[in-house]
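Trainee: Pasting the sequence and the predicted coordinates here, then a few questions.
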Amino acid sequence: MNKKPYAQACVKNGPPILGVLRQRLPDHGRVLEIASGTGQHAIYFGKALPGIEWQTSDLKGMHSGMQQWLDEAKLGNVLSPLFLDVMADVWPEKNYDAVFSANSAHIMPTEAVEKMFFGVARVLAQGGLFFLYGPFMYAGKHSSDSNYLFDCWLKSNDPQRGVRDVDWLKKIALTVNVRLLEDVEMPANNRMLVWCVERRYE
């Protein structure tokens, strides 16, 4: 069997992210994770939140490595990955209580970020929460020199990538009846943006 994929960032940011989720998720419910990557977050949160059914998802190329983590953990509440391409119109049909995604918005092309908000608004139940973790800009300004350098590096590799501006995200969200509920400071110049679905988008 191939060696399991490993992301050090998941080890470092797992505990602070869990702190945010634990305070805001119900004791029992369903969460869809977009771009689950290695699956390490899903395993960590699944163990800590046994009442939550955690649905992993990603592009097909990520599934085999992720499944190795899931098979080893043997958690009944963490489900095998769904194929989910945010650019496609096919999204899961379940009404989820929350959606979570970490370090994805700056990697996705600009149009994909917009599509992600549309999809999230469709799969979340009214009042459901969307947790979006990562680095962000405010009014065109970076919150740290390291985020600025990271943004430059991203755009040098692909102009469609980059650290996203919260003001821009708010405008997208409003078009699908989603509003920013909380903006939580996290370690290493990251934020957790907590969005709420005010009315289901069809």
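Mentor: Cool, got the structure. Residues are numbered from 1 along each chain as shown.
Trainee: helices and strands around the helix ranked longest in the chain, which ones?
Mentor: Here the longest helix in the chain is taken by residue count, with DSSP state H as the criterion, and it is helix 8-24. The helices and strands touching helix 8-24, judged by 3 or more CB pairs under 8 Å, 6 or more residues apart in numbering; DSSP states H and E, are helix 40-48, strand 96-102, strand 124-134, strand 178-186, strand 190-197. From N, CA and C alone the C-beta is placed, and that goes for glycine too.
Trainee: what does the model give the spatially closest residue to residue 102 that is not a sequence neighbour for pLDDT?
Mentor: Distances taken as CB to CB, 6 or more residues apart in numbering put residue 133 closest to residue 102, at 4.2 Å, once the chain neighbours are dropped. With respect to pLDDT, residue 133 scores 98.
Trainee: do the same with the one 3 residues further on
Mentor: Among the per-residue scores, residue 136 shows a pLDDT of 98.
Trainee: Same question for residue 202.
Mentor: 57.
Trainee: Now do the longest helix of the chain against strand 96-102, angle only.
Mentor: Inter-element angle recorded for helix 8-24 and strand 96-102: 150 degrees (by axes from the mean of the first three to the mean of the last three CA atoms, to 10 degrees).
Trainee: Name the residue closest to the centre of the chain, please.
Mentor: Geometric centre of the chain, nearest residue: residue 101, 0.4 Å, by CA atoms, centre = their mean.
Trainee: check contacts around it.
Mentor: Residues in contact with residue 101 (CB atoms under 8 Å, 6 or more residues apart in numbering) are 33, 34, 35, 116, 130, 131, 132, 133.
Trainee: Who wins on neighbours among those residues?
Mentor: By neighbour count, taken as other CB atoms under 10 Å, the most surrounded of those turns out to be residue 33 (29 neighbours).
Trainee: follow-up on the earlier one: may I see the helices and strands packed on helix 8-24 organised as a markdown table, with distance to residue 140 added?
Mentor: Output for the helices and strands packed on helix 8-24, formatted as a markdown table (distance: least, CB to CB, whole Å):
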| stretch | distance to residue 140 |
| --- | --- |
| helix 40-48 | 30 |
| strand 96-102 | 23 |
| strand 124-134 | 17 |
| strand 178-186 | 16 |
| strand 190-197 | 16 |
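Trainee: Let me know which of those is tucked in deepest.
Mentor: strand 96-102 (a mean of 23; mean count of other CB atoms under 10 Å).
Trainee: orientation of that one relative to helix 40-48 in degrees?
Mentor: Relative orientation of strand 96-102 with respect to helix 40-48: 140 degrees, computed using the same axes, to 10 degrees.
Trainee: So for strand 96-102, mean pLDDT?
Mentor: Mean pLDDT, taken over the full extent of strand 96-102, equals 97.
Trainee: just for this protein, where's the confidence low?
Mentor: Of all residues in the chain, those with pLDDT under 70 make up the ranges 1-2, 199-202.
Trainee: wait, isn't residue 55 in contact with residue 97?
Mentor: No: with contact defined as CB atoms under 8 Å, residue 55 and residue 97 do not form a contacting pair (11.0 Å).
Trainee: list residues touching both of the two?
Mentor: Between them, residue 55 and residue 97 share these contacting residues under CB under 8 Å, 6+ apart: 30, 31.
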